[in-house]
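Trainee: Can you look at this prediction? I've put the sequence above it.
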Amino acid sequence: MISANNFKTGDILDDYADFRFVECVFCKCQYIHDFELCTLFYDPNDLERSFSTLFGCDEDKNYPLPCRKCKRTEWDFTDIDNDERENVLKGEWGWAI
């Protein structure tokens with residue numbers, strides 16, 4: 001797991017957030033996920049593009065936007081391991097480490 005310690009949204013709840021780098025399980029496209037507030041930040045150039053990753057027990061787990069890279073509409077994400085730190089630094093979200 002790699003924390004996004006320099007990531008800030010400007011929201012008053014940033015102090016309670018647990019921002020982590022995550023990647024698409026299919027293509028490794030990177031995103032930032034707030035594990036406390038269950039929010040995925042979709043676009044490194046537009047932090048307003050985010051959505052909830054919290055689903056009810058009877059809801060299908062379908063995100064409102066496709067993966068940015070592979071364009072799959074049914075996709076998921078996972079934490080990025082520490083050994084991938086260099087890839088994150090070189091990626092679109094590198095400024096947030």
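Mentor: Arrived safely, thanks for sending.
Trainee: so the closest residue to residue 38 other than its chain neighbours, which of the three states?
Mentor: Distance criterion C-beta to C-beta, 6 or more residues apart in numbering; nearest residue to residue 38, sequence neighbours excluded, is residue 54 at 4.0 Å. All C-beta spots, glycine's among them, are computed from the backbone N, C-alpha and C. What DSSP: H, G, I helix; E, B strand; the rest coil gives for residue 54 is coil.
Trainee: Return the distance of residue 54 relative to residue 40.
Mentor: To residue 40, residue 54 is 10 Å away according to C-beta to C-beta, to the nearest Å.
Trainee: neighbour-wise, which of those two wins?
Mentor: residue 40 (18 against 9; other C-beta atoms under 10 Å).
Trainee: Look up how far residue 83 lies from the more buried one.
Mentor: Separation of residue 40 from residue 83 (C-beta to C-beta) stands at 23 Å.
Trainee: residues touching the most centrally placed residue in the chain, list them.
Mentor: For the chain, residue 32 is the residue whose C-alpha lies nearest the centre (C-alpha atoms, centre = their mean; 2.7 Å). Contact partners of residue 32, counting by C-beta atoms under 8 Å, 6 or more residues apart in numbering, are 4, 7, 19-22, 40-41, 44, 93, 96.
Trainee: and if we set it to 6 Å?
Mentor: 4, 7, 19, 41, 93 (C-beta atoms under 6 Å, 6 or more residues apart in numbering).
Trainee: Now restrict those to buried residues only.
Mentor: 4, 7, 19, 41, 93 (16 or more other C-beta atoms under 10 Å).
Trainee: mean confidence score for stretch 81-95?
Mentor: Here stretch 81-95 scores 94 as its mean pLDDT.
Trainee: With stretch 42-54 instead?
Mentor: 94.
Trainee: Residues contacting that stretch, please?
Mentor: By C-beta under 6 Å, 6+ apart, the residues outside stretch 42-54 that reach it are 9, 38-41, 64-65, 92-93.
Trainee: doesn't residue 23 make contact with residue 31?
Mentor: No - contact criterion C-beta atoms under 6 Å: residue 31 and residue 23 do not qualify, at 7.1 Å.
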